[in-house]
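Q: next input, structure requested:
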Amino acid sequence: MRVVGLLLLSLAVSDAFWMNTLANQVAALIKKLELPAVNKIIDDAVKEQLAANALIKRPPLVARKTANGAQTYRILQVPDLHYTNWDYFPCMNKPDDMKQMVDDTKPDFVAFTGDQIESLWVQKSLAAIDTATAVVNARGLPWAMVFGNHDESLIPHLFSNRKVMMAYIESLPHSYSKYGPFDIGGAGNYEVSIQDASAAAAMRLYFVDTNRDGSVTPAQIKHVKDLGASHKRDNVPALSFFHIPLPEYKDFKPTNETQAPSAKTWHPTTATTVSMTRLWRVWFFYRLQQWSKHYSLDGDVKATFCGHNHMNDFCFKRGSIHLCYGGGVGYGAAYNKGNHPRTGRVIEWNRNATDESIETWLYLHNKDNTRASKYSVYHRTLQQ
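A: As a prediction, the model looks like this:
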């Protein structure tokens with residue numbers, strides 16, 4: 001244990017933490033010395049916090065009425081912020097610069113789709129979460145979050161732990177995040193419901209934790225399936241948000257029917273190479289398509305929105321579902337290129353007396369967004 005302590009000390013006081021080799025060595029040592037009691041202590045503390053969170057009541061999320069009598073609801077996807085909250089880390093654009101993006105897009109709801117923080121240790125992780133969400137909190141905007149592969153430490157037993165962080169996130173003002181079932185895989189598998197002006201269901205958002213390696217467990221798939229089944233009679237569209245893309249995102253080819261990338265080139269979709277993990281993620285996409293055909297007259301999940309590959313910001317249709325990237329906001333430690341703007345994605349639901357639709361478009365920071373190209377992920381004519 002003394003060796004572990006010395007290594008951890010070196011990580012805490014220098015930039016050595018960024019050396020993956022050293023971090024992996026520490027993780028291996030801790031794994032050998034770890035007692036089951038460590039996990040139990042963490043789980044007991046998290047469950048205690050979740051019990052307290054269950055008493056929190058959030059107001060319903062309700063669509064806005066427009067001047068012409070229609071209804072609308074706008075979501076801003078904020079992907080891959082990678083904020084550290086460490087003073088010594090040189091952030092080119094800190095989260096304060098999100099003010100322009102939020103004020104320009106005027107969202108009703110903000111969806112953080114993973115890698116909000118570049119995680120070091122728990123004290124800084126919670127502070128980084130507070131800083132990353134400060135702009136939306138200051139405006140009283142409701143928001144929800146899923147984790148990516150950078151939010152949790154490589155040594156979650158001693159540093160930032162996704163269980164602890166999600167229990168904390170669930171407790172925050174304006175947060176509609178939920179931990180979800182405790183033992184199905186990951187932390188943060190849940191739904192958020194949007195109501196229309198008459199308090200009837202209008203749209204649902206499913207959030208799924210793709211874990212640090214991109215895996216989705218059979219239990220997670222069943223949970224999302226059960227959520228969809230419970231709303232079968234509502235006949236409203238749904239969207240799904242997660243961090244690491246499904247393997248089907250690799251099938252993108254630019255055509256006139258896709259939303260092309262904002263840049264002339266894009267990066268290959270990164271997917272896990274673990275065969276069993278890929279198997280379940282392919283199965284997840286298959287189930288999404290089945291639910292779309294089965295759970296309501298006009299389907300359930302219409303589109304998925306992810307991050308992870310920062311330079312990708314396209315949309316395309318695969319089977320019955322539209323697959324969309326959010327790009328990369330990257331106001332923190334995120335990699336980016338000087339000629340590629342930091343990118344968020346706007347998603348807007350609209351309904352009038354005759355039509356219902358969901359469209360999406362990109363917000364490019366420090367660019368002219370007045371002529372943003374809109375991409376349709378859903379439309380139906382309403383019965384009179």
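
Q: quick one: low-confidence parts of the protein?
A: Applying pLDDT under 70 to the chain flags residues 1-38, 87-97, 120-123, 154-159, 255-299, 331-339, 384.

Q: the residue nearest the centre of it: what's it in contact with?
A: Nearest residue to the geometric centre of the chain (C-alpha atoms, centre = their mean): residue 113, 1.9 Å. Neighbouring residues of residue 113 by C-beta atoms under 8 Å, 6 or more residues apart in numbering: 77-80, 146, 148, 241-243, 305-307, 326. All C-beta atoms are positioned from the backbone trio N, CA, C, and that covers glycine.

Q: residues in contact with stretch 44-56?
A: 163-164, 167-168, 170-171, 179, 182.

Q: go with 6 Å
A: 163, 167, 170-171, 179 (C-beta atoms under 6 Å, 6 or more residues apart in numbering).

Q: just the buried ones from those, in ChimeraX syntax?
A: With 16 or more other C-beta atoms under 10 Å as the criterion, this ChimeraX line picks the buried residues out of those:
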select :163,167,170,179
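
Q: how much space between residue 326 and residue 317?
A: Residue 326 is 17 Å from residue 317, where distance means C-beta to C-beta, to the nearest Å.

Q: what about the two, which has more around it?
A: residue 326 (32 against 15; other C-beta atoms under 10 Å).

Q: distance of residue 376 from residue 201?
A: In terms of C-beta to C-beta, residue 376 sits 21 Å off from residue 201.

Q: before we move on, back to that, so which pair among the contacts of stretch 44-56 is furthest apart in space?
A: Greatest spatial distance among those (C-beta to C-beta): 163 and 171, at 13.3 Å.

Q: quick revisit: out of the contacts of stretch 44-56, who's nearest residue 357?
A: For the contacts of stretch 44-56, the nearest to residue 357 is residue 170 (31.7 Å; C-beta to C-beta).

Q: any idea how far the nearest residue to the closest one once chain neighbours are set aside is from residue 166?
A: In this structure, residue 170 finds its nearest non-sequential neighbour in residue 53, 4.7 Å apart by C-beta to C-beta, 6 or more residues apart in numbering. From residue 53 over to residue 166 the distance is 10 Å, taken as C-beta to C-beta.

Q: which one of the two has more residues nearby?
A: A count of neighbours by other C-beta under 10 Å puts residue 166 above the other of residue 53 and residue 166, at 29 against 19.

Q: how about the strands of the chain, start to end?
A: Counting by DSSP state E, the chain has strands at residues 61-62, 64-65, 71-78, 109-113, 143-146, 190-195, 201-207, 238-241, 301-306, 315-318, 321-325, 343-351, 355-364, 375-381.

Q: which helices and strands sit right next to the fifth one?
A: The criterion is 3 or more C-beta pairs under 6 Å, 6 or more residues apart in numbering; DSSP states H and E, and the helices and strands that strand 143-146 contacts are strand 109-113.

Q: tell me how far the strand it packs on is from the chain's mean position?
A: Mean-position distance between strand 109-113 and its chain equals 7 Å (C-alpha atoms, centre = their mean, to the nearest Å).

Q: who does that strand pair up with?
A: strand 71-78 (parallel), strand 143-146 (parallel) (DSSP bridges).

Q: highest mean neighbour count out of the ones you listed?
A: Of all the strands paired with strand 109-113, strand 143-146 carries the top mean neighbour count, a mean of 26, counting by mean count of other C-beta atoms under 10 Å.

Q: outside of that strand itself, list whatever touches it.
A: With C-beta under 6 Å, 6+ apart as the test, strand 143-146 has contacts from 110-114, 136, 169, 176-177, 188, 192, 207, 209, 242-243.

Q: nearest to residue 232 among those residues?
A: Taking C-beta to C-beta as the measure, residue 232 lies nearest residue 192 of the contacts of strand 143-146, at 18.2 Å.
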